[in-house]
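Student: Provide a 3D model corresponding to the input given below.
(2 chains)
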2 protein chains.
Amino acid sequence: MEHTIICQYTEGMAFEADVNEHTVVMDSETEFGGRDSGPRPKPLLLVSLAGCTGMDVVALLEKMRVSYADFKVEVSGTLTEEHPKYYHKIHIIYRFQGDDLPLDKLEKAVQLSQEKYCGVSAMLSKAAQISHEIVLD
Amino acid sequence: MEHTIICQYTEGMAFEADVNEHTVVMDSETEFGGRDSGPRPKPLLLVSLAGCTGMDVVALLEKMRVSYADFKVEVSGTLTEEHPKYYHKIHIIYRFQGDDLPLDKLEKAVQLSQEKYCGVSAMLSKAAQISHEIVLD
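Tutor: Predicted structure coming up:
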């Protein structure tokens, strides 16, 4: 199976990507010739990671019949100092809110995503040290 | 330097990410419990790659005083068949339109991005075989 995206340059430093028939705009800060009309491309990599593992966890918890009031995925990436600047460390926080949350099942779902299903984690873990934790707010 | 993004689960399979104070929605197809309200997380990785290398090329060509009528970055990723499904092959097409385009300078800009500056290419090349070509339309 192959996925294809098209990213059209518009003006300044801005690009408009067509992905699954949705548009995603990317742009740089004004100091680099952009107008901040969209996010930077690099942290979008962290968004892709958060969405990929987040959807796994939602689907797995649904199968386990676990409900919760709120769920967030926070991802932090630490950049190297030299070019090419990339994330050599990534930390994922899975934040849940709810009554009587079964921590063992949350851990199981997160572990299955990180070890078996999440393709973005699998790719990025070849270049970065990825750590994660579960936080109950 | 550290970058942090927050990805909030909303409903179904949808997440809303806050990245550089912009919102990016991700969702799955209806067959996987989503409503297709945004792109899938995995091809968003290809968008991040296209934007990162695309901005490098725009900035480098500006320094080289090369102008063009149109510029697009197309990225295709081939998925593995087994879980975790990730892109093991990625092909980037840099498409330019314009009169008397200096191919040597376009090649130099693309090469500098791929070999020196593009942090997303640097990360993904640890997991995937990345190839690229320049096409003049």
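Student: how about stretch A:2-13: buried residues?
Tutor: By neighbour count on 16 or more other C-beta atoms under 10 Å in any protein chain shown, the buried set for stretch A:2-13 is A:3, A:5, A:6, A:7, A:8, A:9, A:12, A:13. Using the backbone N, CA and C atoms, a C-beta is placed for each residue, glycine as well.
Student: tell me the SS of the last one?
Tutor: So the one you mean is residue A:13. coil (DSSP: H, G, I helix; E, B strand; the rest coil).
Student: residues touching it, list them.
Tutor: By C-beta atoms under 8 Å, 6 or more residues apart in numbering or on different chains, the residues touching residue A:13 are A:27, A:28, A:32, A:33, A:34, A:35, B:55, B:58, B:59.
Student: max-length helix in chain A?
Tutor: helix A:41-63 (DSSP state H).
Student: and the contacts of residue A:13 as a markdown table, adding distance to residue B:23 and neighbour count?
Tutor: Listed next are these as a markdown table, based on distance: C-beta to C-beta, whole Å; neighbours: other C-beta atoms under 10 Å in any protein chain shown:
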| residue | distance to residue B:23 | neighbour count |
| --- | --- | --- |
| A:27 | 14 | 26 |
| A:28 | 18 | 24 |
| A:32 | 21 | 13 |
| A:33 | 23 | 15 |
| A:34 | 18 | 19 |
| A:35 | 17 | 13 |
| B:55 | 20 | 28 |
| B:58 | 24 | 23 |
| B:59 | 26 | 18 |
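Student: pairing partners for the helix or strand that contains residue A:25, with directions?
Tutor: Element membership for residue A:25 (DSSP states H and E) is strand A:22-26. Neighbouring strands of strand A:22-26 in its sheet, by DSSP bridges, are strand A:15-19 (antiparallel).
Student: so residue A:60 makes contact with residue A:111?
Tutor: No. With contacts counted by C-beta atoms under 8 Å, residue A:60 stays clear of residue A:111, the gap being 9.7 Å.
Student: neighbour-wise, which of the two wins?
Tutor: residue A:60 (20 against 13; other C-beta atoms under 10 Å in any protein chain shown).
Student: now the spatially closest residue to that one that is not a sequence neighbour: which helix or strand?
Tutor: Sequence neighbours aside, residue A:109 is the residue nearest to residue A:60 in space, at 3.9 Å (criterion: C-beta to C-beta, 6 or more residues apart in numbering or on different chains). Following DSSP H and E, the helix or strand that holds residue A:109 is helix A:103-112.
Student: that concludes my questions; thank you for your assistance.
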